[in-house]
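>>> The following comprises the amino acid sequence and a computationally predicted model.
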Number of protein chains: 2
Amino acid sequence: MTTQTLIRDRYPSRLRDTAEMLERTEPVVWGSASDGPLSQEQLDAFDRDGMLQLPGVFSNDEVEAMAAELRRMSAEPAVRSQDACIIEPASEQVRSIFDVPAFSDHIRDVIADERVAGAARQILDSEVYLHQTRINYKPGFGGAGFDWHSDFETWHTEDGMPGMRCLSASILLTDNHSQNGPLMLMPGSQRTFITCVGETPDDNYRSSLRKQETGIPDRTMLELLHKRHGIHTAEGLAGTLLLFDCNTIHGSNGNITPDPRSNVFAVFNSVENTLADPFAAASPRPEFIASRDFTPLR
Amino acid sequence: MTTQTLIRDRYPSRLRDTAEMLERTEPVVWGSASDGPLSQEQLDAFDRDGMLQLPGVFSNDEVEAMAAELRRMSAEPAVRSQDACIIEPASEQVRSIFDVPAFSDHIRDVIADERVAGAARQILDSEVYLHQTRINYKPGFGGAGFDWHSDFETWHTEDGMPGMRCLSASILLTDNHSQNGPLMLMPGSQRTFITCVGETPDDNYRSSLRKQETGIPDRTMLELLHKRHGIHTAEGLAGTLLLFDCNTIHGSNGNITPDPRSNVFAVFNSVENTLADPFAAASPRPEFIASRDFTPLR
């Protein structure tokens, strides 16, 4: 008997022939203002929008130190040879490094900082562990965009994450403005779960990191959410911290400008929400994408 | 003896192994405030920026009438069967109709209106004819972007346009905002011609309407122009008229939002600048893309 059979699937996706819009069954904000660095006003904003943008959380020196870590890792053969290191074949440039704490104590400490992990613990009102971490470098001159999606839909179906007690943090290492393909989010969309149609192919993660083919929300439903919630463009200077709920619909256009974009990305999951077997995939994704080490972050 | 050999090539492109930045040899604005609808201030802005954005030139009723014409033409078998009508195979939706006056007296009259053709005659200080016309419908949910380019580079090399006495007019039929992949331009770039590397393949236009593979400016030079001039995003409500010089570097990101974009596009060339043989292509492009009917527009 697998763990899966013990857990009721509250968000059935990739299992039926028609898409549905389901109401979220759990809170967006679990904690309160006394529990951490965020004010009640900020918690209320996160509750309403499923996102919170905090400018100037990291100083220029801190940003430069993280960028230097990215450059150091990108040049290191011991990092480049790992599966967790995604290299663009044509340019041989590093695009993403997953499981960052394995390669950088410095970035690990930034993620564990009270300003980031503390905010996550506060919102989720529990200890947290790192479901996924990543440092990204997206070049200018034609960097690709990413279609609208809910991260939770993938983490649920492919990784076995039972519920929505999970959020992402993105630390901007470069300025994001409206022209260089910034993240766009539908504020408020975190309260609706769009079930997706189509079975998960084996080893889906290999292609889905580039372009998602399964777990794509229905267009009519996206239009409805768009009408209801609009789109927020996450413009912000380097050093901005962006927190967003695991189910907030987001995506990005491409980037033809010469300005690259770079960020540190960490997914904090509640230790009350650890992974079961995948809800709609034959086998779980690799550990560097979906960790099964549930040790609380300290 | 071809006409080409009689005309000195002031802007040699696709002919050499290395890219160069050449200074423009002719004016951007040829006329003066007494010659047409634009004020001296507007002419000065066009001269400086190589572009001029005029909000509210067309009323909502006029915009709706043009949109209705697009719908009418898109449904008409006699239009859909033409080479000038570009249909997306998967959806069977019309994306662009070239040579619009051949199919719509209404749109022809809009283009010939003093607000549009009058402004073109004023800037170019001569009679003008239509080098190319187009009405576009770009759907949301993943409409493709277009890399940085100078239109003149293509019109010169592939169509035989001798000099830069030519401009484009775009009438917005839908709202363009920063999120739905609006046109981006480098204001001031019209004074620099980047020669491109690479020979023109035969029948290049068939693929280049989708994605340009030749006539691509050098990235280091684009970065330099970007540093020098920055990028202007042509945000504007439906009814806005955007005029831009034939050599102003422009492009656009993709569009993942549900909002489609639609516009009427007309290229006005001076009758003093009519086409010769292509300067760097084996044969000229079809008439619906590059007209050789130089009759002054009235």
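Looks like it arrived, so ask away. Numbering: from 1, shown residues only, chains lettered A, B, ... in the order given.
>>> can you pull the contacts of the residue in the stretch 51-200 of chain A positioned nearest to chain B?
The minimum distance from the stretch 51-200 of chain A to chain B, using C-beta to the nearest C-beta, falls at residue A:178 (3.8 Å). Just so you know, the C-beta spots here come from the backbone N, C-alpha and C atoms, and that holds for glycine as well. By C-beta atoms under 8 Å, 6 or more residues apart in numbering or on different chains, the residues touching residue A:178 are A:233, A:235, B:178-179, B:233.
>>> ok, 7 Å please
Residues near residue A:178 by C-beta atoms under 7 Å, 6 or more residues apart in numbering or on different chains: A:233, A:235, B:178, B:233.
>>> same deal with residue A:185?
Counted by C-beta under 7 Å, 6+ apart, residue A:185 has contacts A:51, A:232, A:234, A:244, A:248-250.
>>> Which ones among those residues map onto strands?
In strands, judged by DSSP state E, the following of these are found: A:51, A:232, A:244, A:250.
>>> From those residues, list just the buried residues.
For the ones in strands among the contacts of residue A:185, a burial check counting by 16 or more other C-beta atoms under 10 Å in any protein chain shown picks out A:51, A:232, A:244, A:250.
>>> ok, back up a step: so which of the contacts of residue A:178 comes closest to residue B:200?
Distance to residue B:200 across the contacts of residue A:178 (C-beta to C-beta) is lowest for residue B:233, with 30.7 Å.
>>> ok, the closest one - how many residues close by?
17 (other C-beta atoms under 10 Å in any protein chain shown).
>>> any idea how far it is from residue B:136?
Here residue B:233 is placed at a distance of 18 Å from residue B:136 (C-beta to C-beta, to the nearest Å).
>>> go on, residue A:139?
28 Å.
>>> Looking at those two, which is more packed in?
Neighbours per residue, other C-beta under 10 Å: of residue A:139 and residue B:136, the larger number sits with residue B:136, 19 against 16.
>>> Just confirm the more buried one is within a helix.
No: assessed with DSSP: H, G, I helix; E, B strand; the rest coil, residue B:136 is strand; it does not lie in a helix.
>>> Report how many residues lie close to residue A:125.
So residue A:125, with other C-beta under 10 Å, has 16 neighbours.
>>> actually residue A:153, not the one I typed
Close neighbours of residue A:153, defined as other C-beta under 10 Å, add up to 25.
>>> Would you mind listing the buried residues in stretch A:159-178?
Quick answer for stretch A:159-178 (16+ other C-beta under 10 Å): A:159-174, A:176-178.
>>> gap between the two ends of that stretch?
End-to-end distance for stretch A:159-178, by C-alpha to C-alpha, to the nearest Å: 32 Å.
>>> for that stretch, the distance to its chain's centre please.
3 Å (C-alpha atoms, centre = their mean, to the nearest Å).
>>> What's the mean pLDDT across it?
The average pLDDT within stretch A:159-178 is 97.
>>> Would you mind measuring from residue A:59 to residue A:27?
33 Å.
>>> So in terms of bridging, what pairs with the nearest residue to residue A:45 once chain neighbours are set aside?
Excluding the flanking residues, the one nearest residue A:45 by C-beta to C-beta, 6 or more residues apart in numbering or on different chains is residue A:52, at 5.5 Å. Counting by DSSP bridges, residue A:52 forms beta bridges with residue A:243.
>>> wait, residue A:52 sits on residue A:43?
No: counting by C-beta atoms under 7 Å, residue A:52 does not reach residue A:43; the two are 8.4 Å apart.
>>> roughly how far apart are residue A:157 and residue A:278?
According to C-beta to C-beta, residue A:157 and residue A:278 sit 6 Å apart.
>>> who has more neighbours, the two?
Per other C-beta under 10 Å, whichever of residue A:157 and residue A:278 has more neighbours is residue A:157, with 26 against 22.
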